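A.B. asks: Build me a model from this:
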Amino acid sequence: MDSGFIFIFASVVVVILSVLAYAVIAVFYPEWVGITGKVALDAEKSHIQEHDGNY
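C.D. replies: Sure thing, here's the model as predicted:
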C-alpha cells in the first residue's frame, strides 16, 4: 500500500469519528457544544417577565 493512501484513509477515519463524537455529545450534552438545551431553555423561561404593554 502507498503511504499516501494510508494517510488519506486515516484522515477520513479521524474525521468520521470526530463527527460521530460531536453528534453524540450534541444529543446528550447540547450546552457543551453551543446548542441551547433543555436546561438553558428552562433558565430563559424563568427570566421572562409577563409583559403588559406599558413601558
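
A.B. asks: For this structure, give the helix that spans the most residues.
C.D. replies: If you go by DSSP state H, the chain has its longest helix at helix 3-28.

A.B. asks: Report the buried residues of the helix or strand following it.
C.D. replies: Downstream of helix 3-28, the first helix or strand assigned by DSSP states H and E is helix 38-47. For helix 38-47, a neighbour-count test (16 or more other C-beta atoms under 10 Å) marks nothing as buried. The C-beta positions use only the backbone N, C-alpha and C, and glycine is treated the same way.

A.B. asks: avg pLDDT for helix 38-47?
C.D. replies: In this model, helix 38-47 has an average pLDDT of 78.

A.B. asks: mind checking how far the longest helix of the chain is from the chain centre?
C.D. replies: Distance, stretch centre to chain centre, for helix 3-28: 16 Å (C-alpha atoms, centre = their mean, to the nearest Å).

A.B. asks: and for the worst-scoring helix or strand of the chain on mean pLDDT, what are the contacting residues?
C.D. replies: Here the helix or strand of the chain ranked lowest by mean pLDDT, DSSP states H and E is helix 38-47, holding a mean of 78. If you take C-beta atoms under 8 Å, 6 or more residues apart in numbering as the criterion, helix 38-47 is touched by 30-31, 36.

A.B. asks: Now with 7 Å, please.
C.D. replies: With C-beta atoms under 7 Å, 6 or more residues apart in numbering as the test, helix 38-47 has contacts from residue 31.

A.B. asks: From the contact counts, what lies against the longest helix of the chain?
C.D. replies: With contacts defined as 3 or more C-beta pairs under 7 Å, 6 or more residues apart in numbering; DSSP states H and E, helix 3-28 has no helix or strand neighbours.
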